[in-house]
Every structure is written in C-alpha cells, then in structure tokens.
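In: this is a predicted model, with the sequence first.
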Amino acid sequence: MSLEALVEEIRRRGEAELQATLASQQAEAERITKERDQKVAEIRATSARLTDLEVAREKAQRLAAAKLQARKMLYEARERRLEEGLQETRDLLSGFVASAAYPAVLKRMAEAATAALGKQVRLSGRAEDAAALSKVAGKSFDPTARPILGGLIAETPDGSRRLNLSFDELLRLREDQVRELLA
C-alpha cells in the first residue's frame, strides 16, 4: 500500500466514523426531542386533567354554597312568616281580652284551677282583669298585677304548686302545634 492509499483509507475511515458519530448525535438529538415532546404532552395532559378537576371541584363547591344559601333564605323566610303568624295570634288574643266572651273564659279558667289545685287557691292576673277576676275568685283573688297577655295564674297558699293559665304560657306551651298549623 502506498502512502496515498493509506492516507485515503484513514481519511475514509475518519469520514465514516465522523458520519457514524454525526448520525449517532442526530439520533440522540431526535430521541431527546421525542422524549421532551412526550414529557411536555404528558405535563399538558396532566395539567389539563388537574385543571378540569379543580374547575369541577370549584363548581361543585359554589353550587353547594348556593344551595345552602337558598335553603337558609327559605328557612329564614319560613321562620319570619311563622313569627308573623305567632304575632298575629298574640294580637288576636289581645283583642279577645276586650271581648264579651273573655269573662266567661276567665271563669272557666278559675274553675279549672280550683279543680286542679284545690279550693284554697290564689288567683291573679292582669291589672285590667282585676274586677272580673275578683268577681269570679271572690276571696281567692290576689290583687298582684301580672304582666301577661290575658288569662290567670293560680297558686296554692303556701306557693308550692302553681298553675299558669295565662295566654302567654298557653301559647308558649303549644307553640310547636301553632307553628305546624301556620306552616
């Protein structure tokens, strides 16, 4: 082999190795680009999925909050209507104490109190009802004025037993029933 052939052979081998190295680098660059593109696609897909989940969660939270607010407003409106109904009932009872039938009701209440607590009972009520109560109760009448809507309060002489037949107390005891009627 001549020197020129040897140089040519070395040059060819060098070019072949260079081509192989360049091809290897090109393949490596393509592999890295492909991996990068895959990872970017995965990150975008994960991000889109997480965003969708976050949006759905936020939407569900807002919807639940809106439903809760609506139920709260409905409850408040219903409660306000019931309170207005109870107040209207109190107003009707206030009007009833001025009616002609009220003294008869006081008499029946006094009879029920004496039947429950015995003959020795003290009856008291509103200052406005003093005349009617003293007429019904006789000696059992206690002139102590009570801050009630109407009706009477009966108590044994020793104070050990008490029967509250005031309209306030009767309404309070039956408030749940009145609420059911008004609802």
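Out: Yep, it's here. Numbering: from 1, shown residues only.

In: residues contacting residue 38?
Out: By Cβ atoms under 8 Å, 6 or more residues apart in numbering, the contact set of residue 38 is empty. Heads up, the C-betas are built off the backbone N, CA and C, glycines and all.

In: right, and the helix or strand after the helix or strand harbouring it?
Out: Assessed by DSSP states H and E, residue 38 sits inside helix 3-96. Helices and strands here follow DSSP H and E; after helix 3-96, the next one along the chain is helix 102-117.

In: show residues contacting that next one.
Out: With Cβ under 8 Å, 6+ apart as the criterion, helix 102-117 contacts 96, 121, 123, 125, 129, 132-133, 135-137, 140, 150-152, 154-156, 161, 163, 165.

In: just the ones of the residues you listed in strands?
Out: 123, 125, 151, 152, 154, 155, 163, 165 (DSSP state E).

In: tilt between the worst-scoring helix or strand of the chain on mean pLDDT and helix 3-96?
Out: In the chain, the helix or strand scored least confidently by mean pLDDT, DSSP states H and E is helix 175-182, which has a mean of 74. Angle between the axes of helix 175-182 and helix 3-96 is 100 degrees (criterion: axes from the mean of the first three to the mean of the last three Cα atoms, to 10 degrees).

In: summarise which helices and strands helix 175-182 is packed against.
Out: For helix 175-182, the packing partners by 3 or more Cβ pairs under 8 Å, 6 or more residues apart in numbering; DSSP states H and E come out as helix 3-96.

In: okay, now the domains of the protein?
Out: 1-96, 101-182 (automatic domain parsing).

In: thank you kindly, that will do.
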